[in-house]
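Peer 1: Okay, here's the prediction I keep looking at, along with the sequence it came from:
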Amino acid sequence: MPAIFDYQLIVGPGDIDQQGHVNNVEYIRWMQHAAVAHSDAQGWDAKRYAQIGGTWFVRSHSIEYLIQALKGDSIIIRTWVATLERVRSVRKFRFERKNELLARAETLWVWIDLDSGRLRPVPVEVADAFEVTEFD
């Protein structure tokens, strides 16, 4: 699978706020969907994570908004794993419309044990499924 994963969507009426553009909360929801779709494509779905007793947990999000997204826009969210360390990973995102950069974002994920909720090292088989790349 490619190191950079493309997730596509069309902005719907429910994504729009009172100012007539995409609500900022939608970007976080889309980041989650894109990250999960990338993980699924790499062979790591929720069931497989549960089988090994661990999963990713969001520690923080950061989003820089550049251009408004509007109802009906066709958006590509490009996502990739930028770092993968012992217990943490940074995943980055680019939100694009017809080659216009709408926003940049990143999420800091940590690996946790499902039973205890405590941090633990990312298993080798999980780390090996994702190519670390820098793309901006």
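Peer 2: Nice, I can see it. Numbers count the residues shown, from 1 in each chain.
Peer 1: In the chain, where is pLDDT below threshold?
Peer 2: 1 (pLDDT under 70).
Peer 1: Pick out the residue nearest the middle of this structure.
Peer 2: residue 35 (3.3 Å; C-alpha atoms, centre = their mean).
Peer 1: In this structure residue 69 contacts residue 75, no?
Peer 2: Yes. Using C-beta atoms under 8 Å, residue 69 is in contact with residue 75, at 6.2 Å. Every residue, glycine included, has its C-beta placed from N, CA and C.
Peer 1: Give the residues shared as contacts by these two.
Peer 2: 11, 95, 97, 102 (C-beta atoms under 8 Å, 6 or more residues apart in numbering).
Peer 1: ok so, going back, leaving out sequence neighbours, find the closest residue to the residue nearest to the centre of the chain.
Peer 2: residue 91 (5.7 Å; C-beta to C-beta, 6 or more residues apart in numbering).
Peer 1: who's in contact with the one you found?
Peer 2: Shown in contact with residue 91 (C-beta under 8 Å, 6+ apart): 35, 79, 80, 81, 82, 106, 107, 109.
Peer 1: ok, now residue 123?
Peer 2: Applying C-beta under 8 Å, 6+ apart to residue 123 gives the contacts 52, 54, 111.
Peer 1: which residues are contacting the longest helix along the chain?
Peer 2: Longest helix in the chain, counting residues (DSSP state H): helix 24-41. The contact list for helix 24-41 (C-beta under 8 Å, 6+ apart) reads 1, 5, 7, 9, 15, 17, 45-46, 56, 61, 63, 65, 75, 77, 79, 91, 93, 95, 103, 105, 107.
Peer 1: buried set for it?
Peer 2: Applying a neighbour-count criterion of 16 or more other C-beta atoms under 10 Å, one finds 26, 27, 30, 31, 34, 35, 37, 38, 39 buried in helix 24-41.
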